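Trainee: Here is a sequence with its predicted model. Questions after.
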Amino acid sequence: MAQPPKTGLGLGFEYRGNPPVPVVTAIEKGGPADLAGVKVGDTILSVDGVEVAGIRSDVRELLLNDRPQVCLVLQAEGSLLSSGAWGFIGMGSLRVPQTPRTVVITRRREGSQPQENSTGKTSSLDPSAQAAKERGKKLFQEEQWEQAAQAFTEALGTRSPPDHTLLTNRALCNQKLLRWDLVEQDARLAVQLSETSVKAHYLLGKSLQEMGRLEEAQTELTKSMSLSSSKQFKSYRGSIEVALLSVRKRLWMREQAKQDMEDELTRGKMMDIADACLAAAKARGVPPEEAQATYDQRVRALCRVLGRARRKQDMADIPEGMVCKLSRRIMIDPVSTPHGQTYERADIEKHLTEKGPRDPFRKSDVVSKDSLVPNLALKKYIDDFLEENPWAFQEPP
(Lines give C-alpha, C1' and ligand atoms only; values in the text may rest on other atoms or scores of the structure.)
Protein backbone atom coordinates (compact mmCIF):
# COMPACT_ATOMS: atom_id res chain seq x y z
CA MET A 1 0.00 0.00 0.00
CA ALA A 2 1.39 3.39 -0.99
CA GLN A 3 1.01 6.09 1.65
CA PRO A 4 2.56 9.50 0.86
CA PRO A 5 2.68 11.22 4.28
CA LYS A 6 4.94 14.05 3.10
CA THR A 7 2.35 15.51 0.76
CA GLY A 8 0.77 17.27 3.72
CA LEU A 9 -2.66 15.95 2.66
CA GLY A 10 -3.12 13.25 5.28
CA LEU A 11 -4.16 10.44 2.93
CA GLY A 12 -2.77 7.25 1.42
CA PHE A 13 -3.77 5.46 -1.79
CA GLU A 14 -3.08 2.40 -3.91
CA TYR A 15 -3.98 1.31 -7.45
CA ARG A 16 -6.80 -1.16 -8.00
CA GLY A 17 -8.70 -2.61 -10.93
CA ASN A 18 -7.99 -2.90 -14.62
CA PRO A 19 -7.28 -0.35 -15.92
CA PRO A 20 -5.75 0.67 -12.59
CA VAL A 21 -7.25 3.62 -10.73
CA PRO A 22 -5.99 5.23 -7.50
CA VAL A 23 -8.21 4.42 -4.51
CA VAL A 24 -7.89 6.07 -1.08
CA THR A 25 -6.85 3.44 1.45
CA ALA A 26 -5.88 5.49 4.51
CA ILE A 27 -7.01 8.76 6.07
CA GLU A 28 -5.26 10.57 8.92
CA LYS A 29 -7.93 11.33 11.50
CA GLY A 30 -8.34 15.08 11.83
CA GLY A 31 -5.92 15.65 8.95
CA PRO A 32 -6.49 17.87 5.90
CA ALA A 33 -8.11 15.14 3.78
CA ASP A 34 -10.39 14.07 6.65
CA LEU A 35 -11.51 17.67 7.22
CA ALA A 36 -12.24 18.05 3.50
CA GLY A 37 -14.54 14.99 3.52
CA VAL A 38 -12.32 12.40 1.80
CA LYS A 39 -13.24 8.80 2.70
CA VAL A 40 -11.44 5.47 2.56
CA GLY A 41 -12.64 3.73 -0.61
CA ASP A 42 -12.98 6.93 -2.65
CA THR A 43 -11.62 6.63 -6.18
CA ILE A 44 -9.46 9.56 -7.28
CA LEU A 45 -10.63 10.60 -10.74
CA SER A 46 -8.55 13.75 -11.18
CA VAL A 47 -6.03 15.95 -9.39
CA ASP A 48 -6.18 19.70 -10.08
CA GLY A 49 -8.11 19.06 -13.28
CA VAL A 50 -5.79 16.29 -14.58
CA GLU A 51 -7.38 12.86 -15.08
CA VAL A 52 -5.27 10.24 -13.31
CA ALA A 53 -6.78 6.82 -14.11
CA GLY A 54 -4.02 4.43 -15.21
CA ILE A 55 -1.04 6.80 -14.72
CA ARG A 56 0.80 5.68 -11.61
CA SER A 57 3.77 8.05 -11.59
CA ASP A 58 1.89 11.27 -12.37
CA VAL A 59 -0.51 10.97 -9.42
CA ARG A 60 2.27 11.14 -6.85
CA GLU A 61 3.88 14.05 -8.68
CA LEU A 62 0.56 15.91 -8.82
CA LEU A 63 -0.02 15.35 -5.10
CA LEU A 64 3.50 16.58 -4.31
CA ASN A 65 3.07 19.96 -6.02
CA ASP A 66 3.87 23.18 -4.16
CA ARG A 67 0.38 24.69 -4.32
CA PRO A 68 -1.24 25.32 -0.91
CA GLN A 69 -4.48 23.63 -2.02
CA VAL A 70 -5.17 20.48 -4.02
CA CYS A 71 -8.48 19.95 -5.85
CA LEU A 72 -9.57 16.30 -6.17
CA VAL A 73 -12.53 14.84 -8.02
CA LEU A 74 -13.59 11.70 -6.13
CA GLN A 75 -16.18 8.98 -6.58
CA ALA A 76 -17.41 6.92 -3.65
CA GLU A 77 -18.31 3.26 -3.94
CA GLY A 78 -21.92 2.60 -4.96
CA SER A 79 -24.25 2.35 -1.97
CA LEU A 80 -27.06 -0.09 -1.33
CA LEU A 81 -30.45 1.59 -1.38
CA SER A 82 -33.33 -0.19 0.30
CA SER A 83 -36.86 -0.24 -1.08
CA GLY A 84 -37.96 2.03 1.78
CA ALA A 85 -35.64 4.80 0.68
CA TRP A 86 -37.01 4.56 -2.85
CA GLY A 87 -40.53 5.00 -1.61
CA PHE A 88 -41.77 2.02 -3.63
CA ILE A 89 -42.79 -1.42 -2.46
CA GLY A 90 -41.30 -4.68 -3.66
CA MET A 91 -38.22 -3.25 -5.40
CA GLY A 92 -35.73 -4.84 -3.01
CA SER A 93 -32.26 -3.31 -2.77
CA LEU A 94 -30.32 -1.60 -5.51
CA ARG A 95 -26.69 -0.50 -5.66
CA VAL A 96 -26.70 3.12 -6.78
CA PRO A 97 -23.54 4.59 -8.37
CA GLN A 98 -22.39 7.71 -6.58
CA THR A 99 -22.08 11.06 -8.33
CA PRO A 100 -18.46 12.30 -8.56
CA ARG A 101 -17.78 15.10 -6.09
CA THR A 102 -15.10 17.77 -5.85
CA VAL A 103 -13.14 18.43 -2.67
CA VAL A 104 -10.47 21.02 -1.98
CA ILE A 105 -7.76 20.02 0.52
CA THR A 106 -5.67 22.73 2.18
CA ARG A 107 -2.17 21.29 2.41
CA ARG A 108 -0.44 21.11 5.80
CA ARG A 109 3.15 22.19 5.48
CA GLU A 110 5.78 19.93 7.04
CA GLY A 111 7.10 21.14 10.39
CA SER A 112 4.21 23.53 11.02
CA GLN A 113 0.82 23.33 12.63
CA PRO A 114 -2.14 25.11 11.06
CA GLN A 115 -3.70 28.09 12.82
CA GLU A 116 -7.42 27.66 12.97
CA ASN A 117 -10.18 30.19 13.40
CA SER A 118 -13.55 29.46 14.98
CA THR A 119 -14.76 27.70 11.85
CA GLY A 120 -11.86 25.27 11.81
CA LYS A 121 -10.40 26.72 8.58
CA THR A 122 -6.76 27.66 8.20
CA SER A 123 -6.14 31.36 8.83
CA SER A 124 -3.18 33.49 7.69
CA LEU A 125 -4.53 36.85 8.90
CA ASP A 126 -2.60 39.05 11.32
CA PRO A 127 -4.19 39.47 14.78
CA SER A 128 -5.84 42.84 14.08
CA ALA A 129 -7.35 41.60 10.78
CA GLN A 130 -8.52 38.39 12.47
CA ALA A 131 -10.19 40.44 15.22
CA ALA A 132 -11.96 42.60 12.62
CA LYS A 133 -13.10 39.46 10.80
CA GLU A 134 -14.55 37.93 13.98
CA ARG A 135 -16.29 41.22 14.77
CA GLY A 136 -17.76 41.23 11.26
CA LYS A 137 -19.08 37.69 11.69
CA LYS A 138 -20.70 38.63 15.00
CA LEU A 139 -22.33 41.72 13.46
CA PHE A 140 -23.56 39.61 10.56
CA GLN A 141 -25.21 37.15 12.94
CA GLU A 142 -26.88 40.15 14.62
CA GLU A 143 -28.18 41.23 11.17
CA GLN A 144 -26.21 44.47 11.25
CA TRP A 145 -25.25 44.15 7.60
CA GLU A 146 -23.72 47.60 7.05
CA GLN A 147 -21.52 47.46 10.13
CA ALA A 148 -20.49 43.90 9.28
CA ALA A 149 -19.45 44.95 5.78
CA GLN A 150 -17.36 47.77 7.30
CA ALA A 151 -15.66 45.29 9.66
CA PHE A 152 -14.74 42.98 6.78
CA THR A 153 -13.43 45.98 4.85
CA GLU A 154 -11.25 46.81 7.86
CA ALA A 155 -10.01 43.20 7.96
CA LEU A 156 -9.12 43.38 4.28
CA GLY A 157 -7.11 46.57 4.87
CA THR A 158 -4.32 46.99 2.33
CA ARG A 159 -3.53 43.28 2.18
CA SER A 160 -2.32 42.23 -1.29
CA PRO A 161 -3.60 39.95 -2.58
CA PRO A 162 -6.80 40.21 -0.50
CA ASP A 163 -8.09 37.21 1.47
CA HIS A 164 -10.84 35.61 -0.66
CA THR A 165 -12.89 34.54 2.38
CA LEU A 166 -13.09 38.16 3.55
CA LEU A 167 -14.27 39.17 0.08
CA THR A 168 -17.05 36.59 0.12
CA ASN A 169 -18.02 37.59 3.67
CA ARG A 170 -18.35 41.21 2.58
CA ALA A 171 -20.27 40.08 -0.52
CA LEU A 172 -22.74 38.27 1.77
CA CYS A 173 -23.35 41.53 3.63
CA ASN A 174 -23.94 43.41 0.39
CA GLN A 175 -26.27 40.62 -0.74
CA LYS A 176 -28.41 41.29 2.33
CA LEU A 177 -28.34 45.00 1.43
CA LEU A 178 -29.30 44.19 -2.21
CA ARG A 179 -26.18 45.94 -3.51
CA TRP A 180 -25.69 43.49 -6.34
CA ASP A 181 -22.98 45.44 -8.18
CA LEU A 182 -20.79 45.30 -5.06
CA VAL A 183 -21.59 41.59 -4.61
CA GLU A 184 -20.44 40.93 -8.16
CA GLN A 185 -17.27 42.97 -7.65
CA ASP A 186 -16.15 41.10 -4.51
CA ALA A 187 -17.29 37.66 -5.69
CA ARG A 188 -15.54 38.01 -9.06
CA LEU A 189 -12.26 38.94 -7.37
CA ALA A 190 -12.70 36.04 -4.91
CA VAL A 191 -13.15 33.63 -7.84
CA GLN A 192 -9.95 34.91 -9.40
CA LEU A 193 -8.12 34.30 -6.12
CA SER A 194 -9.69 30.88 -5.47
CA GLU A 195 -11.22 29.17 -8.50
CA THR A 196 -12.58 26.37 -6.30
CA SER A 197 -14.49 28.62 -3.87
CA VAL A 198 -18.08 27.37 -3.69
CA LYS A 199 -19.28 30.53 -1.96
CA ALA A 200 -17.58 32.87 -4.45
CA HIS A 201 -19.11 31.17 -7.50
CA TYR A 202 -22.52 31.10 -5.80
CA LEU A 203 -22.46 34.78 -4.87
CA LEU A 204 -21.23 35.75 -8.32
CA GLY A 205 -24.00 33.70 -9.91
CA LYS A 206 -26.63 35.15 -7.55
CA SER A 207 -25.57 38.75 -8.28
CA LEU A 208 -25.61 38.11 -12.04
CA GLN A 209 -29.08 36.56 -11.69
CA GLU A 210 -30.43 39.60 -9.88
CA MET A 211 -28.94 41.91 -12.51
CA GLY A 212 -30.61 39.94 -15.32
CA ARG A 213 -27.44 38.40 -16.80
CA LEU A 214 -28.94 34.94 -16.74
CA GLU A 215 -26.57 33.00 -19.02
CA GLU A 216 -23.56 34.14 -16.99
CA ALA A 217 -25.43 33.39 -13.77
CA GLN A 218 -26.20 29.86 -14.92
CA THR A 219 -22.53 29.24 -15.68
CA GLU A 220 -21.35 30.41 -12.24
CA LEU A 221 -24.09 28.60 -10.32
CA THR A 222 -23.38 25.39 -12.22
CA LYS A 223 -19.71 25.68 -11.23
CA SER A 224 -20.71 26.26 -7.61
CA MET A 225 -22.98 23.22 -7.66
CA SER A 226 -20.26 20.99 -9.11
CA LEU A 227 -17.82 22.12 -6.40
CA SER A 228 -20.25 21.64 -3.50
CA SER A 229 -20.46 17.85 -3.42
CA SER A 230 -18.48 17.28 -0.22
CA LYS A 231 -20.24 17.29 3.15
CA GLN A 232 -18.61 20.57 4.27
CA PHE A 233 -20.85 22.41 1.77
CA LYS A 234 -24.08 20.58 2.61
CA SER A 235 -25.71 23.71 4.05
CA TYR A 236 -24.93 25.68 0.89
CA ARG A 237 -26.05 23.14 -1.67
CA GLY A 238 -29.78 23.77 -1.22
CA SER A 239 -29.40 27.52 -1.80
CA ILE A 240 -27.28 26.91 -4.89
CA GLU A 241 -29.81 24.46 -6.34
CA VAL A 242 -32.74 26.83 -5.76
CA ALA A 243 -30.88 29.71 -7.43
CA LEU A 244 -29.92 27.53 -10.39
CA LEU A 245 -33.49 26.29 -10.87
CA SER A 246 -34.74 29.88 -10.67
CA VAL A 247 -32.29 30.98 -13.37
CA ARG A 248 -33.32 28.11 -15.62
CA LYS A 249 -36.98 29.01 -15.19
CA ARG A 250 -36.33 32.67 -16.02
CA LEU A 251 -34.37 31.66 -19.11
CA TRP A 252 -37.28 29.45 -20.15
CA MET A 253 -39.77 32.27 -19.55
CA ARG A 254 -37.66 34.67 -21.60
CA GLU A 255 -37.48 32.16 -24.44
CA GLN A 256 -41.23 31.58 -24.24
CA ALA A 257 -41.90 35.33 -24.41
CA LYS A 258 -39.73 35.51 -27.50
CA GLN A 259 -41.60 32.53 -28.97
CA ASP A 260 -44.95 34.21 -28.18
CA MET A 261 -43.89 37.27 -30.14
CA GLU A 262 -42.68 35.18 -33.07
CA ASP A 263 -45.94 33.19 -33.07
CA GLU A 264 -47.99 36.37 -33.07
CA LEU A 265 -46.00 37.74 -36.00
CA THR A 266 -46.45 34.45 -37.88
CA ARG A 267 -50.17 34.45 -37.14
CA GLY A 268 -50.45 38.03 -38.39
CA LYS A 269 -48.66 37.21 -41.64
CA MET A 270 -50.81 34.12 -42.22
CA MET A 271 -53.98 36.09 -41.54
CA ASP A 272 -52.84 38.73 -44.04
CA ILE A 273 -52.42 35.98 -46.63
CA ALA A 274 -55.86 34.56 -45.82
CA ASP A 275 -57.42 38.03 -46.12
CA ALA A 276 -55.70 38.57 -49.48
CA CYS A 277 -56.99 35.20 -50.70
CA LEU A 278 -60.52 36.14 -49.65
CA ALA A 279 -60.31 39.47 -51.48
CA ALA A 280 -58.90 37.78 -54.60
CA ALA A 281 -61.68 35.18 -54.58
CA LYS A 282 -64.31 37.86 -54.40
CA ALA A 283 -62.57 39.78 -57.21
CA ARG A 284 -62.70 36.66 -59.39
CA GLY A 285 -66.46 36.49 -58.89
CA VAL A 286 -66.52 33.55 -56.45
CA PRO A 287 -69.87 33.61 -54.62
CA PRO A 288 -69.49 35.43 -51.27
CA GLU A 289 -70.75 32.45 -49.23
CA GLU A 290 -68.26 30.08 -50.89
CA ALA A 291 -65.38 32.54 -50.52
CA GLN A 292 -66.17 33.10 -46.83
CA ALA A 293 -66.46 29.36 -46.16
CA THR A 294 -63.03 28.78 -47.71
CA TYR A 295 -61.61 31.66 -45.67
CA ASP A 296 -63.06 30.28 -42.41
CA GLN A 297 -61.65 26.84 -43.21
CA ARG A 298 -58.16 28.28 -43.75
CA VAL A 299 -58.30 30.25 -40.49
CA ARG A 300 -59.32 27.15 -38.51
CA ALA A 301 -56.51 25.16 -40.10
CA LEU A 302 -54.03 27.91 -39.22
CA CYS A 303 -55.17 27.90 -35.58
CA ARG A 304 -54.78 24.11 -35.40
CA VAL A 305 -51.25 24.25 -36.82
CA LEU A 306 -50.13 26.98 -34.43
CA GLY A 307 -51.78 25.17 -31.50
CA ARG A 308 -49.96 21.93 -32.25
CA ALA A 309 -46.64 23.69 -32.80
CA ARG A 310 -46.57 25.02 -29.25
CA ARG A 311 -48.53 23.77 -26.26
CA LYS A 312 -48.95 26.01 -23.25
CA GLN A 313 -47.79 24.49 -19.95
CA ASP A 314 -49.68 24.84 -16.66
CA MET A 315 -49.17 23.60 -13.13
CA ALA A 316 -51.70 20.81 -13.58
CA ASP A 317 -49.05 19.01 -15.64
CA ILE A 318 -46.88 18.40 -12.54
CA PRO A 319 -47.26 14.80 -11.33
CA GLU A 320 -48.90 14.79 -7.91
CA GLY A 321 -46.18 12.56 -6.45
CA MET A 322 -43.63 15.36 -6.95
CA VAL A 323 -45.61 17.85 -4.87
CA CYS A 324 -45.05 18.19 -1.11
CA LYS A 325 -48.33 17.77 0.76
CA LEU A 326 -47.28 20.45 3.26
CA SER A 327 -46.31 23.31 0.93
CA ARG A 328 -48.08 22.21 -2.29
CA ARG A 329 -44.85 23.01 -4.17
CA ILE A 330 -42.73 20.66 -6.24
CA MET A 331 -40.05 19.12 -4.01
CA ILE A 332 -36.34 19.91 -4.39
CA ASP A 333 -34.95 17.86 -1.47
CA PRO A 334 -37.49 15.06 -0.88
CA VAL A 335 -37.07 12.95 2.26
CA SER A 336 -39.04 9.95 3.46
CA THR A 337 -40.21 9.15 6.98
CA PRO A 338 -39.78 5.65 8.45
CA HIS A 339 -43.46 5.10 7.61
CA GLY A 340 -43.05 5.80 3.87
CA GLN A 341 -44.41 9.36 3.70
CA THR A 342 -42.38 11.82 1.59
CA TYR A 343 -42.04 15.57 2.16
CA GLU A 344 -39.76 18.47 1.24
CA ARG A 345 -36.99 18.42 3.85
CA ALA A 346 -37.32 22.08 4.89
CA ASP A 347 -41.11 21.78 5.23
CA ILE A 348 -41.17 18.61 7.33
CA GLU A 349 -38.29 19.81 9.53
CA LYS A 350 -40.14 23.08 10.16
CA HIS A 351 -43.29 21.12 11.05
CA LEU A 352 -41.41 18.86 13.47
CA THR A 353 -39.81 21.89 15.15
CA GLU A 354 -43.06 23.80 15.52
CA LYS A 355 -45.61 20.99 16.04
CA GLY A 356 -43.63 18.18 17.60
CA PRO A 357 -42.41 14.73 16.49
CA ARG A 358 -45.54 13.53 14.66
CA ASP A 359 -46.30 13.03 10.98
CA PRO A 360 -48.49 15.99 9.89
CA PHE A 361 -51.10 13.75 8.26
CA ARG A 362 -50.69 10.53 10.28
CA LYS A 363 -50.69 11.61 13.90
CA SER A 364 -50.02 8.11 15.16
CA ASP A 365 -46.64 8.01 13.37
CA VAL A 366 -43.71 9.26 15.42
CA VAL A 367 -41.12 11.07 13.26
CA SER A 368 -37.85 12.81 14.15
CA LYS A 369 -35.43 14.81 12.02
CA ASP A 370 -32.79 12.11 12.45
CA SER A 371 -35.15 9.47 11.04
CA LEU A 372 -35.66 11.26 7.71
CA VAL A 373 -34.02 9.53 4.73
CA PRO A 374 -33.29 11.19 1.34
CA ASN A 375 -35.63 9.78 -1.31
CA LEU A 376 -32.97 9.45 -4.01
CA ALA A 377 -35.20 7.82 -6.61
CA LEU A 378 -37.81 10.57 -6.40
CA LYS A 379 -35.06 13.22 -6.35
CA LYS A 380 -33.67 11.85 -9.64
CA TYR A 381 -37.17 11.75 -11.12
CA ILE A 382 -37.83 15.37 -10.12
CA ASP A 383 -34.41 16.56 -11.34
CA ASP A 384 -35.04 15.00 -14.75
CA PHE A 385 -38.54 16.50 -14.88
CA LEU A 386 -37.29 20.01 -14.03
CA GLU A 387 -34.52 19.68 -16.60
CA GLU A 388 -37.18 19.15 -19.26
CA ASN A 389 -39.75 21.50 -17.70
CA PRO A 390 -38.01 24.50 -16.07
CA TRP A 391 -41.38 26.31 -15.85
CA ALA A 392 -42.51 23.90 -13.10
CA PHE A 393 -40.06 25.22 -10.49
CA GLN A 394 -41.72 27.29 -7.77
CA GLU A 395 -39.70 29.81 -5.74
CA PRO A 396 -39.77 29.12 -1.99
CA PRO A 397 -41.49 31.83 0.09
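Mentor: Arrived safely, thanks for sending.
Trainee: list the helices and strands the helix or strand hosting residue 259 packs on?
Mentor: Element membership for residue 259, per DSSP states H and E: helix 234-283. Helices and strands in packing contact with helix 234-283 are listed as helix 198-210, helix 214-227, helix 288-309; criterion 3 or more Cβ pairs under 8 Å, 6 or more residues apart in numbering; DSSP states H and E. In this view, the C-beta of every residue, glycine as well, is placed from N, C-alpha and C.
Trainee: Report the mean per-residue pLDDT for the shortest one.
Mentor: The predicted model gives helix 198-210 an average pLDDT of 94.
Trainee: gap between that helix and the chain center?
Mentor: 11 Å (Cα atoms, centre = their mean, to the nearest Å).
Trainee: what's that helix in contact with?
Mentor: With Cβ atoms under 8 Å, 6 or more residues apart in numbering as the test, helix 198-210 has contacts from 164, 167-168, 171-172, 175, 178, 180-181, 183-184, 186-188, 190-191, 194, 214, 216-221, 223-224, 227-228, 233, 236, 239-240, 243-244, 246-247, 250.
Trainee: repeat for the last one
Mentor: When contacts are defined by Cβ under 8 Å, 6+ apart, helix 288-309 is touched by residues 263, 266-267, 270-271, 274-275, 277-278, 281-282, 286.
Trainee: Give the buried residues for that helix.
Mentor: Judged by neighbour count using 16 or more other Cβ atoms under 10 Å, the buried positions of helix 288-309 are 291, 295, 298, 302.
Trainee: Not counting sequence-adjacent ones, nearest residue to the first one?
Mentor: Nearest in space to residue 291, with sequence neighbours left out and distances taken as Cβ to Cβ, 6 or more residues apart in numbering, is residue 281 at 4.0 Å.
Trainee: for the protein, what spans make up the strands?
Mentor: 11-16, 21-27, 43-47, 50-51, 69-75, 79-81, 94-96, 101-106, 334-336, 342-344, 373-374 (DSSP state E).
Trainee: what is the orientation angle of the first one with strand 21-27?
Mentor: Between the direction of strand 11-16 and that of strand 21-27, the angle (axes from the mean of the first three to the mean of the last three Cα atoms, to 10 degrees) works out to 140 degrees.
Trainee: now the fifth one
Mentor: Taking the same axes, to 10 degrees, strand 69-75 and strand 21-27 form an angle of 110 degrees between their directions.
Trainee: Touching strand 69-75 from outside, list them.
Mentor: 9, 24, 38, 42-49, 62-63, 98-107, 194, 196.
Trainee: Between helix 288-309 and the helix holding residue 259, find me the angle.
Mentor: Using the same axes, to 10 degrees: helix 234-283 against helix 288-309 is 160 degrees.
Trainee: Per-residue pLDDT of residue 384, please?
Mentor: pLDDT, residue 384: 89.
Trainee: Return the distance of it relative to residue 238.
Mentor: Distance from residue 384 to residue 238, counting by Cβ to Cβ, to the nearest Å: 19 Å.
Trainee: Residue 286 too?
Mentor: If you go by Cβ to Cβ, the gap between residue 286 and residue 238 works out to 66 Å.
Trainee: what number of residues lie near the nearest residue to residue 178 once chain neighbours are set aside?
Mentor: Distances taken as Cβ to Cβ, 6+ apart place residue 210 nearest to residue 178, at 7.8 Å, with adjacent residues excluded. The local packing of residue 210 (other Cβ atoms under 10 Å) involves 16 other residues.
Trainee: separation between residue 210 and residue 179?
Mentor: For residue 210, the distance to residue 179 - Cβ to Cβ - is 10 Å.
Trainee: Residues that sit against both of those two, list them.
Mentor: With Cβ under 8 Å, 6+ apart, residue 210 and residue 179 have no common neighbours.
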